[in-house]
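1. 3D model of this:
(one chain, ligands or ions: 1)
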Amino acid sequence: MTQQRFGYLGPEATFTEAALLKLDEARGAERVPMPNVLVALDAVRTGDIDAAVVPIENSVEGGVPATLDALTSDIPLQIVREIVIPVKFVLAAPSGVELADITAYSTHPHAEAQTRRFTGQYLPDAAYLPAGSTAAAAAGLSAEAIDRGAGQDRAGQAEYQAAICPLLAAERYGLNVLADDIGDVRTAVTRFVLVRKPGPVAPATGADKTTLVAGLRSERPGALLELLEQFAVRGVNLTRIESRPTGDGLGLYQFSLDVDGHIDEARVAEALAGVHRTSRHVRFLGSYPRDDREASTIDAQNTDDAFAQANDWLTRIKGDTRG
Ligand SMILES: O=C(O)C(=O)C[C@]1(C(=O)O)C=C[C@@H](O)C=C1
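-> Have a look, this model is predicted:
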């Protein structure tokens with residue numbers, strides 16, 4: 001068998017790579033760093049890589065718009081796994097740089113948003129330069145990058161002197177840690193998904209999630225309520241809902257949702273069929289095991305048995321009246 005190629009938001013030592021390393025199926029696979037989420041997902045679509053790990057949701061900052069939008073547009077893809085990891089940030093700089101020397105720092109916008117209390121207190125006058133990832137910010141300060149003159153202005157001055165990144169990235173790129181665990185919320189976690197070309201859905205485990213995107217019939221009053229009712233009446237719990245513009249005009253939104261359960265479970269399948277009937281469009285993005293393996297809570301009236309009994313009853317009464 002040829003070696004699988006798994007892409008991730010690079011360069012080496014991003015949180016995304018740490019998530020990829022947690023995956024059993026990625027053991028022995030070639031890890032391919034990608035410059036951004038769009039390129040990573042397009043490489044899955046073209047078959048250049050077999051799968052990609054991308055960030056989708058952070059416990060402090062919420063959904064990752066680039067990922068939500070890239071999964072919604074273009075050729076469909078399928079989420080096959082989720083990985084949740086704690087995110088702890090350090091402030092790192094090349095040796096010789098002290099806190100007082102920092103006039104600018106760089107990191108991924110999500111990391112910047114999660115460390116504002118620290119930067120507000122210790123770097124109140126420093127400028128922030130966005131980077132493609134936390135590790136990209138750290139890599140820009142490595143000895144090789146500085147030798148190459150990367151990230152320097154015409155006068156040879158570094159554009160930034162410090163990076164906010166995982167400890168692993170500080171180590172990987174030879175930087176000193178000036179401050180440790182600088183996140184505003186010490187318990188922050190980020191959720192990543194493993195994405196492949198669409199294929200068969202893995203069987204239900206009893207502790208699964210399903211992701212979908214639904215475009216509402218915006219001309220209908222109560223369209224969002226109608227969407228939510230599809231899940232509520234069947235006892236399907238929503239774990240994330242986000243509105244994203246369709247890009248087609250003002251006021252036109254679609255909803256990205258995660259729900260507890262698997263498409264092979266009757267309550268989830270019926271809810272999805274309901275969404276299909278009532279929405280302008282719906283895209284199924286996958287049913288996959290929950291990272292925390294926490295089993296779904298299902299009321300007695302919404303179990304597969306309860307749905308099967310109701311269907312048997314319907315078949316019987318149809319038979320009685322027609323036969
Ligand atoms: O820059 C990284 O290291 C990433 O893996 C990206 C990312 C994100 O997109 O949210 C992942 C986790 C953290 O919340 C900060 C940045």
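
2. Kindly report the residues of the chain close to the ligand.
-> Residues of the chain lying close to the ligand by C-beta under 6 Å from any ligand atom are 9, 14-16, 55, 58, 64, 87, 108, 110-111, 133-135, 190. For the C-beta atoms, the positions are set from N, CA and C on the backbone; glycine is no exception.

3. quick one: which of the residues you listed sit in strands?
-> 9, 55, 58, 190 (DSSP state E).

4. Provide a list of residues in contact with the last one.
-> Translated: Thr190. Residues in contact with Thr190 (C-beta atoms under 8 Å, 6 or more residues apart in numbering) are 15, 19, 55, 57-59, 84-85, 87, 110.

5. Check what pLDDT it gets.
-> Listed pLDDT for Thr190 reads 97.

6. ok so, going back, quick one: which two of the ones in strands among the residues of the chain next to the ligand are the most distant?
-> Leu9 and Asn58 (13.3 Å; C-beta to C-beta).

7. Of these two, which one has the most company?
-> Leu9 (31 against 20; other C-beta atoms under 10 Å).

8. Looks like the more buried one contacts Val54 (just checking).
-> Yes. The criterion here is C-beta atoms under 8 Å, and Leu9 meets it with Val54 at 6.3 Å.

9. can you list residues touching both of those two?
-> Common neighbours of Leu9 and Val54 (C-beta under 8 Å, 6+ apart) are 16, 37, 40.

10. In TSV, list the residues you listed along with pLDDT.
-> Converted to TSV, these look like this (pLDDT from 0 to 100):
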residue	pLDDT
Thr16	98
Val37	95
Ala40	97
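
11. possible to save those as TSV with neighbour count?
-> Formatted as TSV, these follow (neighbours: other C-beta atoms under 10 Å):
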residue	neighbour count
Thr16	28
Val37	27
Ala40	27
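
12. Can you find the helix or strand in this protein with the smallest mean pLDDT?
-> Ranked by mean pLDDT, DSSP states H and E, the weakest helix or strand in the chain is helix 143-148, scoring a mean of 81.

13. And the contacts of that helix?
-> Residues contacting helix 143-148 (C-beta under 8 Å, 6+ apart): 94, 139, 151-152, 158, 174.

14. For whichever helix or strand comes after it, enumerate the helices and strands it packs against.
-> Counting by DSSP states H and E, the next helix or strand C-terminal to helix 143-148 is strand 162-165. Judged by 3 or more C-beta pairs under 8 Å, 6 or more residues apart in numbering; DSSP states H and E, the packing partners of strand 162-165 are strand 90-93, strand 104-107, helix 109-113, helix 134-139.

15. roughly how far out does strand 162-165 sit from the chain middle?
-> 22 Å (C-alpha atoms, centre = their mean, to the nearest Å).

16. Convert the C-alpha atoms of that strand to PDB, please.
-> C-alpha atoms of strand 162-165 as PDB (Å, rounded to 0.1, in the frame of the first residue of the first chain):
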ATOM      1  CA  ALA A 162       8.300  37.900  19.300                       C
ATOM      2  CA  ALA A 163       5.800  35.300  18.500                       C
ATOM      3  CA  ILE A 164       2.800  33.900  20.400                       C
ATOM      4  CA  CYS A 165       2.900  30.200  19.700                       C
END
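
17. quick one: strands adjacent to that strand?
-> strand 90-93 (antiparallel), strand 104-107 (parallel) (DSSP bridges).

18. Sketch out the low-pLDDT regions of this protein for me.
-> Within the chain, the segments meeting pLDDT under 70 span 1, 153-157, 321-323.

19. And it, split by domain according to the record?
-> Following automatic domain parsing, one gets these domains for the chain: 1-86+187-199, 90-179, 200-323.

20. End to end on the shortest one, go ahead and measure it.
-> Across domain 90-179, the terminal residues are separated by 6 Å (C-alpha to C-alpha, to the nearest Å).

21. Count the neighbours of Asp69 for me.
-> Residues near Asp69, counting by other C-beta under 10 Å: 20.

22. Which residues are in contact with Gly247?
-> With C-beta under 8 Å, 6+ apart, Gly247 has these contacts: Ser73.

23. meant to ask about Tyr253
-> 215-216, 218, 243-246.

24. Among these, find me the one that's closest to the ligand.
-> Arg244 (16.0 Å; C-beta to the nearest ligand atom).

25. give me phi/psi at the closest one?
-> phi -130, psi 140 (degrees, to the nearest 10).

26. How many residues are close by it?
-> 16.

27. Please apply the same query to Asp181.
-> Neighbours around Asp181, by other C-beta under 10 Å: 11.

28. just to revisit the earlier point, buried residues in the least confident helix or strand of the chain, which are they?
-> Ala145 (16 or more other C-beta atoms under 10 Å).

29. how far is it from where the chain is centred?
-> 32 Å.

30. again, but for stretch 312-322
-> On C-alpha atoms, centre = their mean, the centre of stretch 312-322 falls 46 Å from the chain's centre.

31. what are the C-alpha coordinates of that stretch, in CSV please?
-> Extracted as CSV, the C-alpha positions of stretch 312-322 are listed here (Å, rounded to 0.1, in the frame of the first residue of the first chain):
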residue,chain,number,x,y,z
ASP,A,312,-44.2,-0.9,12.0
TRP,A,313,-47.5,0.5,13.3
LEU,A,314,-47.8,2.7,10.2
THR,A,315,-47.2,-0.3,7.9
ARG,A,316,-49.8,-2.2,9.8
ILE,A,317,-52.5,0.4,9.7
LYS,A,318,-51.8,1.0,6.0
GLY,A,319,-52.1,-2.7,5.4
ASP,A,320,-55.3,-3.0,7.5
THR,A,321,-57.1,-0.2,5.6
ARG,A,322,-55.9,-1.1,2.1
